[in-house]
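In: The following block contains a protein sequence and its predicted model.
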Amino acid sequence: MIRLRSVDKSYGALKVLHGVDAEISEGETFAIIGPNGAGKTTLFKVMTGEVGCEAGTVEFLGKDVTRDPAYRRTRAGMGRTFQVARVFKEMTAEENVVVAIEARLKNAGQSDAPWYSVKPSRAARDEARDLLARLSLDRKAQMHAAELSHGDKKRLELGITLAGRPKVLMLDEPTAGMSPSERVGVTELIRSISGKGSGLTVVMTEHDMGVIFGLADRIMVMNQGRKIAEGSIDDIRADPVVRDVYLGKEAHHA
Ligand SMILES: Nc1ncnc2c1ncn2[C@@H]1O[C@H](COP(=O)(O)OP(=O)(O)OP(=O)(O)O)[C@@H](O)[C@H]1O
């Protein structure tokens with residue numbers, strides 16, 4: 001799905017990624033973890049195309065996309081959510097999802113409607129309602145997005161992203177700023193949409209180890225811009241270097 005080879009990235013004089021390699025396979029949930037400032041978000045943005053890299057390559061679906069901007073990668077099937085949910089606040093939850101469905105149909109040449117028509121198609125509305133039901137937002141479908149709780153806004157953003165039918169779902173700290181119960185809910189939701197048989201690949205950065213251990217098939221650990229470990233949850237838990245630089249610190253904070 002995604003392959004990074006020897007990626008270097010600097011912000012001015014500050015080098016934040018040093019020769020990072022990564023390979024993400026179809027259908028897996030891949031998590032990037034590490035202490036603050038380790039370079040997780042930067043690596044994530046190199047994958048999505050929000051930032052470029054000075055050296056190395058990024059492949060998506062077997063094609064070199066290193067020079068492709070983010071919107072091209074989105075069109076090719078990379079869906080992304082943000083640390084602060086991006087939704088149209090003045091529109092209802094249903095309208096937010098309908099717009100995303102109409103945009104997908106339009107990009108696929110299956111709709112002549114303007115990017116947002118005043119009267120959306122019946123098919124788009126039905127699909128939006130199904131999606132909102134899967135996200136447990138059906139009873140809030142007619143609420144304006146601005147009125148939704150933080151957790152529900154994140155759910156809605158996930159719905160908008162899923163409406164684009166991505167091949168890979170890129171989640172940047174999906175539980176950031178959530179209450180413990182919202183975290184559990186979103187973890188279950190991600191598990192339900194990315195479970196075996198869904199075919200969906202998920203790449204996520206996340207600070208909450210409970211969320212990571214509940215979701216990830218494979219974990220990559222970053223420290224100071226380098227990959228220091230990669231493997232299953234059990235591998236990562238048992239890795240003495242990881243325990244030292246990351247899990248150890250978490251445990252001290254706990
Ligand atoms: N736009 C930017 N301009 C300059 N420096 C940046 C920029 N973005 C990030 N950095 C720096 O790059 C380093 C890596 O940041 P990055 O956000 O990738 O780390 P992170 O592991 O995601 O951290 P966190 O867990 O705190 O989100 C940090 O030292 C950060 O200050």
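Out: Ah, there it is. Just so we're clear, the structure is a prediction, and the values are computed from it rather than from any experiment.

In: can you tell me the helix or strand for Ile32?
Out: Following DSSP states H and E, one finds Ile32 within strand 29-33.

In: Dump that strand to CSV, keeping only the CA atoms.
Out: Extracted in CSV, the C-alpha atoms of strand 29-33 (Å, rounded to 0.1, in the frame of the first residue of the first chain):
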residue,chain,number,x,y,z
THR,A,29,-3.6,-1.3,10.9
PHE,A,30,-0.2,0.3,11.3
ALA,A,31,0.6,2.7,14.1
ILE,A,32,3.5,5.2,14.4
ILE,A,33,4.4,5.9,18.1
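
In: Which SSE is immediately downstream of it?
Out: Downstream of strand 29-33 (by DSSP H and E), the next one is helix 40-48.

In: Tell me what angle that next one forms with strand 29-33.
Out: Going by axes from the mean of the first three to the mean of the last three C-alpha atoms, to 10 degrees, helix 40-48 is angled at 140 degrees with respect to strand 29-33.

In: quick one, what contacts the spatially closest residue to Val87 that is not a sequence neighbour?
Out: Spatially, and ignoring its direct neighbours in sequence, Val87 is nearest to Ala145 (4.3 Å; C-beta to C-beta, 6 or more residues apart in numbering). All C-beta atoms are positioned from the backbone trio N, CA, C, and that covers glycine. When contacts are counted by C-beta atoms under 8 Å, 6 or more residues apart in numbering, Ala145 touches Val87, Phe88, Lys89, Glu90, Met91, Thr92, Ala93, Asn96, Lys153, Leu156.

In: try Glu59
Out: Ile2, Arg3, Leu4, Arg5, Val65.

In: Tell me how far the fourth one lies from Val241.
Out: For Arg5, the distance to Val241 equals 23 Å [C-beta to C-beta, to the nearest Å].

In: domain parsing for this protein?
Out: Following automatic domain parsing, one gets these domains for the chain: 1-77+166-254, 90-165.

In: tell me the mean pLDDT over the last one?
Out: The pLDDT scores in domain 90-165 average 86.

In: Determine how far the last residue of that domain lies from the first.
Out: The first residue of domain 90-165 is 24 Å away from its last residue (C-alpha to C-alpha, to the nearest Å).

In: Type out the PyMOL command that picks the buried ones from the contacts of Ala145.
Out: In PyMOL syntax, the buried subset of the contacts of Ala145 is picked out as below (16 or more other C-beta atoms under 10 Å):
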select buried, resi 87+88+91+92+93+96+153+156
